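1. Quick one, structure for this:
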Amino acid sequence: ENMSDWIKFEGLENYTKALKKKKGILFYTGHFGNWELLAACFGLQGMRVNIIYRALDNPILEDFVAWFRIHTGHKVIPKGGAARKIIKLLKKNEMIGILIDQNVTRREGIFVNFFNRPASTTTGLAALALQTGAPVVPAFIVRSEDGTYKIIIYEEVKITKTDNYENDLLENTQRFTSIIEDIVRKYPDQYFWLHQRWRTKLK
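-> Numbers count the residues shown, from 1 in each chain. Got it, this is the predicted structure:
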């Protein structure tokens, strides 16, 4: 009931515009600010998201986080083998939520520039965008000095699609990652995921 006292939305028109394309929406964010509050407020705003996740190592925390996400209106989909299910959901004009700033293995990702260092990053979001044509929309939650929050929904990210699939994966993944880097540069104290972000080495 008091969400509007603590949360302000910026860019809701970008969500509406993307949803009108009837191809679903690929929302992405990073481990920035209170990303669980971001998801909760999306749900309370009536924006139901299918959240792609990796289970936490602690089963007690895992049960609580899963309950919290579902309690605010979302569905949760385990990361492993989720691609086909995601494609079906996008065809139904549903929304997918993904965090893309985690280190991945060489086999799982591609190296892009993140704070002037090569960071192995998932290509899953770029692959889904190229295959489905679903709009890719970044969203972040920023904490203000007075303790309130602002949720920023960006404009749809332009997707490069050419005859060179591997290059398209690289260029689009770099574009997504650069947007995360931009907001972290603005609010460096609100970024949480420094731990082992560059663990996989280029050489």
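2. what bits of the chain have low per-residue confidence?
-> Across the chain, the ranges flagged by pLDDT under 70 are 55-56, 68, 194.
3. At the geometric centre of it, which residue sits there?
-> When CA atoms, centre = their mean is applied to the chain, the residue found nearest the centroid is Tyr28 (1.9 Å).
4. element containing the nearest residue to Thr123 once chain neighbours are set aside, please.
-> Once its chain neighbours are removed from consideration, Thr123 has its nearest residue in Leu169; the separation is 4.7 Å (CB to CB, 6 or more residues apart in numbering). (C-beta placed from N, C-alpha, C; glycine too.) Leu169 belongs to helix 165-186 when elements are defined using DSSP states H and E.
5. ok, and what's touching that helix?
-> By CB atoms under 8 Å, 6 or more residues apart in numbering, the surrounding residues in contact with helix 165-186 are 28-30, 32, 100-101, 110, 112-115, 119, 121-123, 125-127, 129-130, 136, 138, 140, 142, 152, 154, 157-162, 190-191.
6. How far away from the center of its chain is the top strand by length along the chain?
-> Looking only at the chain and at elements set by DSSP state E, the strand with the highest residue count is strand 136-143. Counting by CA atoms, centre = their mean, to the nearest Å, strand 136-143 is centred 8 Å from the centre of its parent chain.
7. What of stretch 10-20?
-> Relative to where its chain is centred, stretch 10-20 has its mean C-alpha point 16 Å off (CA atoms, centre = their mean).
8. before we move on, what about stretch 17-37?
-> Between the centre of stretch 17-37 and the centre of its chain there are 6 Å (CA atoms, centre = their mean).
9. which parts of that stretch are buried?
-> With burial defined by 16 or more other CB atoms under 10 Å, the residues of stretch 17-37 counted as buried are 18-19, 23-33, 35, 37.
10. Tell me which of those fall in strands.
-> Assignment to strands by DSSP E places the following of these there: Ile25, Leu26, Phe27, Tyr28, Thr29.
11. Pairing-wise in the sheet, spell out the partners of the first one.
-> According to DSSP bridges, Met95 are recorded as the beta-bridge partners of Ile25.
12. That one reaches Asn14, doesn't it?
-> No. With contact defined as CB atoms under 8 Å, Ile25 does not count as touching Asn14 (9.8 Å).
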